[in-house]
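Trainee: no letters, just coordinates:
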């Protein structure tokens, strides 16, 4: 059953609460004709009380501007997020929209509200939230008010009624782990990063699920962060454990660090240890040995999120087919002696 949402406030509601005419509200919003300060204050108070947001497309048309799609993200440099933003920008350009990006720290509520205020001051038609699971959904939704929202998330815990694109990290990790077990490895070690609230993320959950279903030992995870240095440190620790024959890394960058440390410790990839990443960064093909990885189609996710925002009825069809899947290269092989 579809979720019933409360009717968003209209310009007529603002006029009623402020006890002014519709043209007066319009004049306050556009600034086209001066109004008395007391009248303006009443209109602005009514707008704040009701949480009214002018329609972005209509404002853009009146002001002679292209409609704007807002993008909320916590990072613009990470491979997946950067590719999603490019996908959004590409689809927006094809549809006559422009993109405004707000970089928000999920842990800093004050700066988040300031950045959202700047974003919402533009004639936006809606907002796409990347890595939606990183944010306090209730607080974010309250701040965005009645602005249309679409999200990209890697979590199954999606806010009810919000159009979303799922980048299925959990499935990817499970397939990676199953691939390594299928080669004959008795277990798979995992280099991970902490979740937004300190808990396990989808990639760790998928890895654990695959090992549990195969009745394989579940070794302790190696906690890391986003840096290459942490990948090098994890690789050095894994190299000291001669029982390690297979390693699944949270992303390709960590895999590069692990492979480097294994090499420096005299452990060969894949002869002694198989290594797999996620993302399929451009360097994955050029690395020696080339990296087995799981390609998550972030470009498609960005395009699909734009289409969901602009035309939820068509959904992701206009974004085309996704090309996600496991890419087997040179960094994985059966364990020695198998």
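Mentor: Noted; the coordinates are in hand. What you see is a predicted model; the values in this text were computed from it and never measured. Residues are numbered from 1 along each chain as shown.
Trainee: can we go C-alpha only for contacts and neighbour counts from here?
Mentor: Noted.
Trainee: is residue 194 located within a strand, as I assumed?
Mentor: No - read with DSSP: H, G, I helix; E, B strand; the rest coil, residue 194 is coil and lies in no strand.
Trainee: I'd say it and residue 223 touch.
Mentor: Yes - taking contacts as CA atoms under 8 Å, residue 194 lies within contact range of residue 223: 7.1 Å.
Trainee: how about the helices in the chain?
Mentor: Here the chain has its helices, by DSSP state H, at 11-18, 22-30, 37-50, 56-62, 79-94, 109-120, 137-144, 169-182, 202-213, 228-239, 252-264, 283-286, 298-310.
Trainee: select, out of the ones you listed, the one closest to residue 130.
Mentor: Ranking these by proximity to residue 130 (CA to CA) places helix 79-94 first, at 7.3 Å.
Trainee: sorry, back to before: which of the helices of the chain sits closest to residue 335?
Mentor: Among those, helix 169-182 comes nearest to residue 335, with 9.5 Å by CA to CA.
Trainee: what does that closest one contact?
Mentor: The contact list for helix 169-182, computed with CA atoms under 8 Å, 6 or more residues apart in numbering, reads 154-155, 187-188, 202-211, 246, 248, 274, 276, 278, 293-294, 325-326, 332.
Trainee: tell me which of the helices of the chain sits most buried.
Mentor: helix 298-310 (a mean of 26; mean count of other CA atoms under 10 Å).
Trainee: packing partners for that one?
Mentor: On a contact count with 3 or more CA pairs under 8 Å, 6 or more residues apart in numbering; DSSP states H and E, helix 298-310 meets helix 79-94, strand 124-130, strand 149-153, strand 164-166.
Trainee: out of these, flag the one nearest residue 240.
Mentor: For the helices and strands packed on helix 298-310, the distance to residue 240 is smallest for helix 79-94, at 29.9 Å, taking CA to CA.
Trainee: tabulate the helices and strands packed on helix 298-310 in CSV, adding columns for mean pLDDT.
Mentor: Formatted as CSV, those follow (pLDDT from 0 to 100):
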stretch, mean pLDDT
helix 79-94, 93
strand 124-130, 88
strand 149-153, 87
strand 164-166, 85
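Trainee: to residue 109, which of the ones you listed lies closest?
Mentor: For residue 109, the closest of the helices and strands packed on helix 298-310 is strand 124-130, at 15.5 Å, according to CA to CA.
Trainee: mean pLDDT lowest for which of the helices of the chain?
Mentor: Per-stretch mean pLDDT for the helices of the chain is lowest at helix 56-62 (a mean of 48).
Trainee: quick one: residue 83 and residue 299 touch, right?
Mentor: Yes - counting by CA under 8 Å, residue 83 does reach residue 299; the two are 5.3 Å apart.
Trainee: residue 240 versus the residue nearest to the spatial centre of the chain, what's the distance?
Mentor: Closest to where the C-alpha atoms of the chain average out (CA atoms, centre = their mean) is residue 131, at 2.7 Å. As judged by CA to CA, to the nearest Å, residue 131 and residue 240 stand 35 Å apart.
Trainee: do the same with residue 232
Mentor: Look at residue 232 and residue 240: by CA to CA, they are 13 Å apart.
Trainee: just residue 287 next, same as before
Mentor: Distance, residue 287 to residue 240, by CA to CA: 23 Å.
Trainee: same check, this time on residue 10
Mentor: Using CA to CA, residue 10 is found at 65 Å from residue 240.
Trainee: between those two, who's got more neighbours?
Mentor: Between residue 10 and residue 240, counted using other CA atoms under 10 Å, the more crowded position is residue 10 (16 against 12).
Trainee: tell me the contacts of the more buried one?
Mentor: Contact analysis of residue 10 by CA under 8 Å, 6+ apart lists residue 52.
Trainee: again, but for residue 119
Mentor: Contact partners of residue 119, counting by CA under 8 Å, 6+ apart, are 70, 100-102.
Trainee: neighbour-wise, which of these leads?
Mentor: Neighbour counts for the contacts of residue 119 peak at residue 70, which has 23 neighbours (criterion: other CA under 10 Å).
Trainee: so who does that one touch?
Mentor: Residues in contact with residue 70 (CA under 8 Å, 6+ apart) are 99-102, 119, 124-128.
Trainee: model confidence score at it, please.
Mentor: The per-residue pLDDT reported for residue 70 equals 91.
Trainee: and it, bridged to which residues?
Mentor: On the basis of DSSP bridges, residue 70 is bridged to residue 100, residue 127.
Trainee: from now on call the first residue 782
Mentor: Let's use 782 as the start, then, which means that last one is residue 851.
Trainee: report the separation between it and residue 825.
Mentor: Look at residue 851 and residue 825: by CA to CA, they are 23 Å apart.
Trainee: got it, and residue 833?
Mentor: Distance, residue 833 to residue 825, using CA to CA: 10 Å.
Trainee: re the thing from before, would a markdown table of the contacts of residue 851 with distance to residue 1093 be doable?
Mentor: A markdown table is the format used below for the contacts of residue 851 (distance: CA to CA, whole Å):
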| residue | distance to residue 1093 |
| --- | --- |
| 880 | 19 |
| 881 | 21 |
| 882 | 21 |
| 883 | 23 |
| 900 | 22 |
| 905 | 17 |
| 906 | 13 |
| 907 | 12 |
| 908 | 13 |
| 909 | 13 |
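Trainee: ok, of those residues, which one's closest to residue 805?
Mentor: Using CA to CA, residue 905 is the member of those that lies nearest residue 805, at 22.3 Å.
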